[in-house]
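**Q** No sequence on hand, only this structure:
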């Protein structure tokens, strides 16, 4: 039996989850719904809503699924699995809700099972690909895995048997694409692309349901080495199935930034909390794992949102001098404050092979702050929200409130939180939740900006 067939059998036949996993699903649903709502007020989010309106379909499941997944993913406040370098929640949870709503599925148990299946599919495929390595070759693991994850979700929600599920997963793999390039402008198609990749997973499941078949040996032969230059670890798709769900090893993001920047930022925050004054800092050195250096060791470029999210110098300086900007989903419209820019100039970033011992399971960093009166050092292996420093209900709800209150107000936050949780208990449906989000968040703030040459 091929690796895909073995995994499909597990997905099709898996039983209801434990209470601990159900509680974890609820936390991640709340977290991702908060991201989705917040994403509607970004420039990219407004473009997605405008695209949805221009498409003219009153009710179109692939369009809804694409829009919802893209809105959640673009925020960079969605969950992340470090070892696989995938961000599954923003794909799996909106996808599961959209499909369940379209199916008029009111069984919370089936919705939870499908969600867990989708997480497992994306995480395991990221491990098969060695996501932390291929990312820095230009292959985006979440983009690659999105069709596979949604195919798993849809197979479960559509009630496909093991053979149909295997064909859905295999076909979804043929829809996978490695990346979208590095076009990081405000008008980037990065997010609509990842949403469309998710919708392709639904197409794969529907095709399998209709009787189409696919190559179930994609991971077992020469396809991946020949086409992508990747030797897949097919065993990662099947090892330990049914033991510990990958969902339990996810990290919540405590603020808005690339996760690769966060350990250094957290280390500096902890040093400053010991009483170090910002104006007394002479120099800061951040040592990071070598694969991250090129991605995060740079300044910022006005208008390039990705440069703000991935600059460790910017995120460290903001944490000290302008912490309110740590929750800004879009870069400040004005220039970087002078004090922030000055502190950024004092931060050097270097690679340290000694930090690789437990990589990619953990992403450690070491920060040394030199002041006129002495030297302060801190090594951080986990940030708040990681499994070793877990978020509970209070932390997830507080994060939700920070990002959603500016859109819905305090009353709207409470109502949306209650509905999100009620979907997991079965007291409300996925359709109820999506209707509430659309009514409260899907407004257009103005006409589309012109992109014509001037």
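**A** Nice, I can see it. This structure is a prediction, so every number in the text was calculated from the model and none was measured.
**Q** which non-adjacent residue is nearest the residue lying farthest from the centre of the chain?
**A** The centre of the chain is farthest from one residue, residue 373, which by CA atoms, centre = their mean lies 41.2 Å away. Spatial nearest neighbour of residue 373, chain neighbours left out: residue 280 (6.9 Å); criterion: CB to CB, 6 or more residues apart in numbering. (Each C-beta comes from the backbone N, C-alpha and C, glycine too.)
**Q** can you give me phi and psi for the one you found?
**A** When read as degrees, to the nearest 10, the backbone of residue 280 gives phi -100, psi 0.
**Q** burial measure for the closest residue to residue 360 other than its chain neighbours, as a count.
**A** Closest residue to residue 360 apart from its sequence neighbours, by CB to CB, 6+ apart: residue 132 at 3.9 Å. Applying other CB atoms under 10 Å, we find 22 residues neighbouring residue 132.
**Q** Now do the helix or strand harbouring residue 132: distance to the chain's middle.
**A** Element membership of residue 132, judged by DSSP states H and E, is helix 131-134. Relative to the centre of its chain, helix 131-134 is centred 15 Å away, using CA atoms, centre = their mean, to the nearest Å.
**Q** Okay, buried residues for that helix please.
**A** 131, 132, 134 (16 or more other CB atoms under 10 Å).
**Q** Enumerate every residue touching the last one.
**A** Looking back up the chat, that one is residue 134. By CB atoms under 8 Å, 6 or more residues apart in numbering, residue 134 lies in contact with 85, 141, 230.
**Q** and the gap between the last one and residue 115?
**A** Read it as residue 230. Applying CB to CB, to the nearest Å, the value for residue 230 to residue 115 is 27 Å.
**Q** okay, these two: which has more neighbours?
**A** Per other CB under 10 Å, whichever of residue 230 and residue 115 has more neighbours is residue 115, with 31 against 19.
**Q** which non-adjacent residue is nearest the more buried one?
**A** Distance criterion CB to CB, 6+ apart; nearest residue to residue 115, sequence neighbours excluded, is residue 96 at 4.8 Å.
**Q** ditto for residue 290
**A** Nearest non-adjacent residue to residue 290 (CB to CB, 6+ apart): residue 351, at 3.9 Å.
**Q** Just the pLDDT for residue 188.
**A** Residue 188 is assigned 89 on the pLDDT scale.
**Q** these two touch, right, residue 160 and residue 206?
**A** No. Residue 160 lies out of contact with residue 206 (CB atoms under 8 Å); the separation is 9.8 Å.
**Q** Who has more neighbours out of the two?
**A** Legend: neighbour count by other CB under 10 Å for residue 160 and residue 206, higher for residue 160 (22 against 18).
**Q** and that one, what are its phi and psi?
**A** Torsion angles, degrees, to the nearest 10, at residue 160: phi -70, psi 150.
**Q** For residue 228, which non-adjacent residue is spatially closest?
**A** residue 178 (6.4 Å).
**Q** Stretch 388-399 - what's its average pLDDT?
**A** Mean predicted confidence for stretch 388-399 is 98.
**Q** Please compute how far it lies from its chain's middle.
**A** With CA atoms, centre = their mean, you get 17 Å for stretch 388-399.
**Q** With stretch 86-94 instead?
**A** On CA atoms, centre = their mean, the centre of stretch 86-94 falls 6 Å from that of its chain.
**Q** Quick check: buried residues in it?
**A** Within stretch 86-94, the residues that count as buried by 16+ other CB under 10 Å are 86, 87, 88, 89, 90, 91, 92, 93, 94.
**Q** Check the residue nearest to residue 228 and give its pLDDT.
**A** Predicted confidence (pLDDT) for residue 178: 93.
**Q** Number of residues surrounding it?
**A** Using other CB under 10 Å, residue 178 has 17 other residues around it.
**Q** I'd assumed residue 141 was in contact with it.
**A** No. The criterion here is CB under 8 Å, and residue 178 misses it with residue 141 at 9.5 Å.
**Q** all helices for the stretch 151-300 of the chain, in order.
**A** If you assign secondary structure with DSSP state H, counting those that start in this stretch, the helices in the stretch 151-300 of the chain sit at 162-175, 190-210, 223-228, 262-273, 293-296.
**Q** so which of these comes closest to residue 426?
**A** helix 190-210 (23.6 Å; CB to CB).
**Q** Just the buried positions in that closest one, please.
**A** Buried residues in helix 190-210, defined by neighbour count with 16+ other CB under 10 Å: 190-209.
**Q** Show me how the record splits this structure into domains.
**A** Listed by automatic domain parsing, the domain ranges of the chain are 3-249, 259-380.
**Q** Those domains: which one's closest to residue 440?
**A** Residue 440 lies closest, by CB to CB, to one member of the domains of the chain: domain 3-249, at 7.4 Å.
**Q** Over to the closest one now: how far is its first residue from its last?
**A** 22 Å (CA to CA, to the nearest Å).
**Q** How far off centre is it?
**A** Put simply, domain 3-249 sits 11 Å off its chain's centre (CA atoms, centre = their mean).
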